[in-house]
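A.B. asks: Provide a 3D model corresponding to the input given below.
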Amino acid sequence: MGFPSREDHVAQPWPLEEENIEHYMTLKFTINSEIVVENPTLAIEDAENLVIMLNGKNVEPKITGYYVDASIKTVELPALCCGENIVIVKIPFGKTTNVEYCYILGEFNVKVEGCVKTIIAPTNTIGFSSITNQGMPFYGGNITYKVEIETGDCSLEIKSSNYRGSLISVSIDGNPAGIIAYAPYKVVLENVKSGKHIVELTLFGNRYNTFGALHNTDTADLWYGPNYWRSLGDAWCYEYRLKDTGILSSPVISIYE
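C.D. replies: This is a model prediction of the structure:
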């Protein structure tokens, strides 16, 4: 169509003259599910300008909010059925438009097996290991782990050195106790009264498994820019190159009476 290559250094949209969009691109997604998903949401840019269909039925692009970024708007979808679901999105395409990630959001877990992704039933419990293997391969938010302990009058030392995330905040019985972010990766609590207590460790996540270049196989490439998401040849694969996320091993709680 005579458009400049995205690999070239092109101007950002705002300094360019407004163009009259004459072309459209149709995207088709197959979503496999082991469960019926009530009230799912499609998160996608420029939602108000799209034609959206789910399983052959038109979906009104009514904006309900946004996901992470105000540009990624959310649209309510009908329920996803058990089995195969087809989402079709028709988007305007021109010199100043881009084809960006879009997401299905809802109350469910996801199983990734190579190239195959499947929606599965949600769970409320996880263990101390990577969440990518526990139904949340693409999750980029925060996670709060709750652990019940029983002590006498004491001091506590809570140590968690094996985690993948931004940092861990620690609270006990709803009261902030400190931050784990640097060596020696521990928080000390003085004058803890006897009884049962709830220790909460909140891992602050990151967005790599949500927005990252998950098909780029070049682990030695330390430069990040638009072309990092357009890897070719041996630097590309259809499988998902996820990074471990979560508190990867059990925290150690030491009691000093």
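A.B. asks: OK, contacts around the residue in the chain sticking out farthest from the centre?
C.D. replies: Residue farthest from the centre of the chain, counting by Cα atoms, centre = their mean, is residue 257 at 41.5 Å. Residue 257 makes contact with 152-154, according to Cβ atoms under 8 Å, 6 or more residues apart in numbering. For every residue, glycine as well, the C-beta is placed using N, CA and C.
A.B. asks: equivalent analysis for residue 173, please.
C.D. replies: Residue 173 sits in contact with 197-198, where contact means Cβ under 8 Å, 6+ apart.
A.B. asks: any idea how far residue 124 is from it?
C.D. replies: 21 Å (Cβ to Cβ, to the nearest Å).
A.B. asks: residue 87 now?
C.D. replies: Applying Cβ to Cβ to residue 87 and residue 124 gives a distance of 27 Å.
A.B. asks: for residue 107, same thing?
C.D. replies: Taking Cβ to Cβ, one finds residue 107 at 11 Å from residue 124.
A.B. asks: with neighbour numbers in mind, choose between those two.
C.D. replies: Shown here are residue 107 and residue 124; by other Cβ atoms under 10 Å, residue 107 has more neighbours (11 against 4).
A.B. asks: what's near enough to touch the residue lying closest to that one once chain neighbours are set aside?
C.D. replies: What sits nearest to residue 107 in space, not counting adjacent residues and going by Cβ to Cβ, 6 or more residues apart in numbering, is residue 122, at 5.3 Å. Each residue near residue 122 by Cβ under 8 Å, 6+ apart is listed here: 107-109, 135.
A.B. asks: now with 6 Å, please.
C.D. replies: Counting by Cβ atoms under 6 Å, 6 or more residues apart in numbering, residue 122 makes contact with 107-109.
A.B. asks: and residue 189, what are its bridge partners?
C.D. replies: When assigned by DSSP bridges, residue 189 has beta-bridge partners residue 156.
A.B. asks: burial check on it, number of neighbours?
C.D. replies: Neighbours around residue 189, by other Cβ under 10 Å: 19.
A.B. asks: quick check, it in contact with residue 158.
C.D. replies: No. Look at residue 189 against residue 158 with Cβ atoms under 6 Å: they stay out of range, at 7.3 Å.
A.B. asks: pLDDT (mean, whole number) over stretch 233-241?
C.D. replies: The average pLDDT for stretch 233-241 rounds to 95.
A.B. asks: can you give me the buried ones in stretch 106-122?
C.D. replies: 106, 108-110, 112, 117, 119 (16 or more other Cβ atoms under 10 Å).
A.B. asks: pLDDT on that stretch, on average?
C.D. replies: Averaging pLDDT along stretch 106-122 gives 96.
A.B. asks: quick one: end-to-end distance for that stretch.
C.D. replies: 10 Å (Cα to Cα, to the nearest Å).
A.B. asks: show me how far that stretch is from its chain's centre.
C.D. replies: In terms of Cα atoms, centre = their mean, to the nearest Å, the centre of stretch 106-122 is found 13 Å from the chain centre.
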